[in-house]
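1. Provided below are the primary sequence and the corresponding predicted coordinates.
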Amino acid sequence: MERVYIFIGKGGVGKTTCSAAVALKLAQKGKTLIASLDPAHNLGDVYGVKLSGKPKEVSSNLHAVEVDVDELTKRYLTRTVNKIKGMYTYLKVLNLDKYIESLKYSPGIEEYSILESLIDLFSADYDYIILDMPPTGLTVKVLTLPHTTLLWIEKLAKLRKDILARRMTIESISGKKCVVIDGKKIELPVSEEEDPILKELNQKEEQMDFVKSILTGKKCSIILVMNPEALSLFEGERAIKTLRNFGMNVSKVIINKFVEDNEVTKKIIQIGPTLKIPLLEREPRGMDELIKVSQMVEI
Ligand SMILES: Nc1ncnc2c1ncn2[C@@H]1O[C@H](COP(=O)(O)OP(=O)(O)O)[C@@H](O)[C@H]1O
Ligand SMILES: [Mg+2]
């Protein structure tokens, strides 16, 4: 992968329109994938093409996908419950399956599902990957998740190692311990190498390190789309600050639906490199109109 472009900003500012236009431009240089990660997709509407959860070629060298966040959430939960069942055999009595339905509505699940799809997208075979993100609030949560998850993993791994060390001590005094479940004898793991829970934590840590390194690395451009309006400026400034605290930098600001220089525009320009796309007479929709918009952007 040459580069990933992440389009963020307040709802309605033009993230989908601008990212769709930039994708057309990048497709002239290399194999490009644009993915909509906003559960309320409209990438297909913008291109005037029916899209789904599978990448589809919408133009030469350009594939587009509307990631099915609901489906991902279901798959993520089923996978997680199966893993827990395998690791904590004795939890079968709790009948975790009946919780899948309610877990779907737990806080954080949507963010994790979107993060999992980022891992898949970053591993896909494209030169350029463009992410059309949900509105700021959800996006900031997703982008900061690898960092917070790594902190959790560190604490959990330490706790697990303490448990294993204690088991080891007990075993050396009173011999191997077994638990009997459904008439089957199960030996409890004591060494760090054979413990499935520690293995899982290590695997998660690797995944989180991978996304974090891309998000904070040189190959990532975070592009903030704004309108020359105070509210989109305020929300954008807050996002810049939060992301910066987590090692992520906004590399460019697009002032979309630009009319004329006003007080807000002057403030936006002070943020850093900006690019202006004028307020067009008609909503830009369909390939021909987007190609026109793409000629206005220099990324
Ligand atoms: N430069 C522009 N001129 C005129 N209309 C625009 C422009 N950019 C976007 N729009 C329109 O604004 C609306 C919101 O754009 P969209 O790209 O869907 O925003 P977001 O993805 O940030 O929610 C759409 O109706 C779109 O056609
Ligand atoms: Mg959108």
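-> Noted; the coordinates are in hand. Ligands and ions are numbered 1, 2, ... in the order given.

2. how close does the closest residue to residue 141 other than its chain neighbours sit to residue 3?
-> Closest residue in space to residue 141, ignoring its immediate chain neighbours: residue 111 at 4.9 Å, by CB to CB, 6 or more residues apart in numbering. For every residue, glycine as well, the C-beta is placed using N, CA and C. Separation of residue 111 from residue 3 (CB to CB, to the nearest Å): 24 Å.

3. Contacts only, for the residue nearest to residue 141.
-> Listed by CB atoms under 8 Å, 6 or more residues apart in numbering, the contact set of residue 111 reads 138, 141-142, 145.

4. got those residues as TSV, with secondary structure, distance to residue 35 and pLDDT columns?
-> Compiled in TSV, these are given as follows (DSSP: H, G, I helix; E, B strand; the rest coil; distance: CB to CB, whole Å; pLDDT from 0 to 100):
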residue	secondary structure	distance to residue 35	pLDDT
138	helix	15	95
141	helix	18	96
142	helix	13	97
145	helix	17	97
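
5. Closest to residue 129 out of these?
-> residue 142 (15.1 Å; CB to CB).

6. center of this structure - which residue?
-> The chain has residue 115 as the residue nearest its centroid, 3.4 Å off, counting by CA atoms, centre = their mean.

7. In space, what's closest to the residue in the stretch 151-299 of the chain that ligand 2 sits nearest to - neighbours in sequence excluded?
-> Across the stretch 151-299 of the chain, the shortest distance to ligand 2 (CB to the ion) belongs to residue 225, at 9.5 Å. Among residues not flanking residue 225 along the chain, residue 9 sits closest, at 3.8 Å (CB to CB, 6+ apart).

8. Tell me who's in contact with that neighbour.
-> When contacts are counted by CB under 8 Å, 6+ apart, residue 9 touches 15, 135-136, 224-226, 232, 235-236, 239.

9. do that again at 7 Å, thanks
-> For residue 9, the contacting residues are 15, 136, 224-226, 232, 236, by CB atoms under 7 Å, 6 or more residues apart in numbering.

10. now do residue 154
-> Residues counted as contacts of residue 154 (CB under 7 Å, 6+ apart): none.
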